[in-house]
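Student: need a structure here:
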Amino acid sequence: MNFDANTVASSNILGAPPLSLNASSQSGADALVCGWPPGQPVQVSETSPNATMPPLYNQAMVMVEESYLPLTLYAPGLTDARFQEFCEQYVDYRLEYSAEGELIIMPPTDPRTGARNARIIEDISHWSRVDGRGIATDSSAGFILPNGARLSPDAAWVSLAQFAQRHPLPEFVIELLSPTDRANVTHKKMLEWIANGVQLAWMIDPRAQSVTIYRPGQPQVFLSSPTQVKGEGPVEGFVLDLTAIWSI
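Tutor: Numbers count the residues shown, from 1 in each chain. All right, here's what the predicted structure looks like:
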């Protein structure tokens, strides 16, 4: 493994050989890899885990401070099994993996965002049960996209037919911006959802009290201070009450 940059939470990780981890965070802090000298890369292979590391470091422990999260690690070629191991190491955090080989480790959200997301999940779950055509999921559900990314939307709806697939893909997703989320980064994520088969996506920004609607082959639609937003296509009939979201 190569660790070259900023670091954060605590984990023991052996990556699929060869696995290169270049860490970066929004804090701009210096890298700390178990006290390894700054600027010195740590090389670890799965077949020879302590090839260039003293015994103390042969588990490739990465010490990370939560205040530096979200953290991005460059880990190209990460398999499903390795990604699952990463998730098990960071059980208190939310992990996603981009098509470019970036592993993003995110901290727990703030209580206000959690309360807003709970209202969204409550609404879409109730509608989904009554509608009966699909399954609603929350932010703990991860989906493997056709381009290899592994993403976890804040809320999603998956048809029963799609849910039965080995790697189901949601037809509808919602991303809720938290105070630490960057709108431009989430915007790119929304485009990625659409490019990989999602039929409808909403980006909700509580601070701006706005909703951006994404559809395949159509320009985005920006709604300013709406009191509700209506589903269409796969989620025709679903209506999300935004007054409850804005009031939290």
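
Student: Quick check: the gap between residue 123 and residue 116.
Tutor: Computed as Cβ to Cβ, to the nearest Å, the residue 123 to residue 116 distance reads 11 Å. For every residue, glycine as well, the C-beta is placed using N, CA and C.

Student: neighbour-wise, which of these two wins?
Tutor: residue 116 (24 against 18; other Cβ atoms under 10 Å).

Student: from the middle of its chain, how far away would the one helix or strand that one maps to be?
Tutor: Assigned by DSSP states H and E, residue 116 falls within helix 111-131. How far helix 111-131 lies from its chain's middle: 18 Å, per Cα atoms, centre = their mean, to the nearest Å.

Student: Stretch 239-248 too?
Tutor: Centroid separation for stretch 239-248 versus its chain: 23 Å, with Cα atoms, centre = their mean.

Student: May I have it exported as PDB, CA atoms only?
Tutor: C-alpha atoms of stretch 239-248 as PDB (Å, rounded to 0.1, in the frame of the first residue of the first chain):
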ATOM      1  CA  VAL A 239     -45.300  13.100  -3.200                       C
ATOM      2  CA  LEU A 240     -42.600  14.300  -0.700                       C
ATOM      3  CA  ASP A 241     -43.700  17.000   1.700                       C
ATOM      4  CA  LEU A 242     -40.900  19.400   1.900                       C
ATOM      5  CA  THR A 243     -42.400  21.800   4.500                       C
ATOM      6  CA  ALA A 244     -41.500  19.100   7.100                       C
ATOM      7  CA  ILE A 245     -37.900  19.000   5.800                       C
ATOM      8  CA  TRP A 246     -37.400  22.800   5.700                       C
ATOM      9  CA  SER A 247     -38.900  23.200   9.200                       C
ATOM     10  CA  ILE A 248     -36.300  20.900  10.900                       C
END
